[in-house]
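Student: structure of the sequence below:
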Amino acid sequence: MPANRWVKIFTRTVILLICLAFIVKFAGPNILRQYISYGIGNCKSSPILCMQPDEKIFQPQINTEYRDTLIPHAFPRMTVSVPKGFTLVQELIKQRYYKKRHPNNNAVIYLLIQEPDAFIKLYPDVQKQGIKDNYEFINRLMYANLDRVNNITDAFFIIMKSIFTPDVGNQSTAKMIKFEFNGMRGFINYSMAKPNNYFDCNVSDPDGNFFKVYIKDIGASLDLNNVFAIISTLKPVN
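Tutor: Numbers count the residues shown, from 1 in each chain. Have a look, this model is predicted:
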């Protein structure tokens, strides 16, 4: 996804938030939450809007034997290794690729990389909330909860959560975890309910780069251990 796509998303979000500011001032948080629900859904229609990661940090052990079977791929801005049988698509997509069905219903992995502080540059006001890097931005976004929206900042992050979360299959059975390993940390939203698995991986590396890896696993050939092995191969290209 190109940078101008992010700019458009943030610009539209800011315009919406200006409208919501009037609601907060004159009607209060309850009306604000109802207004947001009309626009992006509620906890019943989109359960993930009220879901949060487990507080326990998951620390996986990478299966190096499996990782050695993965096929390396190089892009202009990043490298990654993935299993056979997956179509690989990197970032320069104009539509909301993760909201669409991939042609022929193939197994596919979508990739995105953002440089350090990319989100802060697009919305510098979040620094007033103590958010100083990409990881803290995504952390706040993942913990956003529609039932706890009380102000404009809360509204911003729940709206961004709805935009930023791809199709994870049946949301009522989806799970959210926080992880750390080898200097990498982030969050995975996933659903493992046959016939297909979905993994939405949001990863920050030790240098502050942000990666998004969305896996549509047709046929449910992967598990979480496999996904962590894929994540472990992510590297930026300078």
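Student: for the nearest residue to residue 172 once chain neighbours are set aside, what are its contacts?
Tutor: Closest residue in space to residue 172, ignoring its immediate chain neighbours: residue 47 at 5.4 Å, by C-beta to C-beta, 6 or more residues apart in numbering. From N, CA and C alone the C-beta is placed, and that goes for glycine too. Residues near residue 47 by C-beta atoms under 8 Å, 6 or more residues apart in numbering: 171, 172, 174.
Student: where does residue 48 sit: helix, strand or coil?
Tutor: Judged by DSSP: H, G, I helix; E, B strand; the rest coil, the three-state class of residue 48 is helix.
Student: could you check how far the closest residue to it other than its chain neighbours is from residue 193?
Tutor: Among residues not flanking residue 48 along the chain, residue 171 sits closest, at 4.9 Å (C-beta to C-beta, 6+ apart). Distance, residue 171 to residue 193, by C-beta to C-beta, to the nearest Å: 11 Å.
Student: same thing with residue 210?
Tutor: From residue 210 over to residue 193 the distance is 28 Å, taken as C-beta to C-beta.
Student: pull the contacting residues for the residue lying closest to residue 55 once chain neighbours are set aside.
Tutor: Residue nearest to residue 55 in three dimensions, not counting chain neighbours: residue 178, with 7.7 Å by C-beta to C-beta, 6+ apart. Residue 178 makes contact with 53, 54, 55, 56, 57, 58, 142, 185, 186, 187, according to C-beta under 8 Å, 6+ apart.
Student: just confirm residue 136 is within a helix.
Tutor: Yes. Counting by three-state DSSP, residue 136 is part of a helix.
Student: that one and residue 89: what is the separation?
Tutor: Going from residue 136 to residue 89 by C-beta to C-beta gives 28 Å.
Student: next one: residue 72
Tutor: Applying C-beta to C-beta, the value for residue 72 to residue 89 is 16 Å.
Student: out of these two, which sits in the busier spot?
Tutor: Taking neighbours as other C-beta atoms under 10 Å, residue 72 and residue 89 compare with residue 89 leading, 15 against 9.
Student: if I look at that one, how far off is residue 107?
Tutor: From residue 89 to residue 107 the distance is 12 Å (C-beta to C-beta).
Student: equivalent analysis for residue 226, please.
Tutor: Between residue 226 and residue 107 the distance is 12 Å, computed by C-beta to C-beta.
Student: likewise residue 58?
Tutor: According to C-beta to C-beta, residue 58 and residue 107 sit 24 Å apart.
Student: between those two, which one's more packed in?
Tutor: residue 107 (20 against 15).
Student: what bits of this structure have low per-residue confidence?
Tutor: For the chain, residues meeting the criterion pLDDT under 70 lie at 1-29, 91-104.
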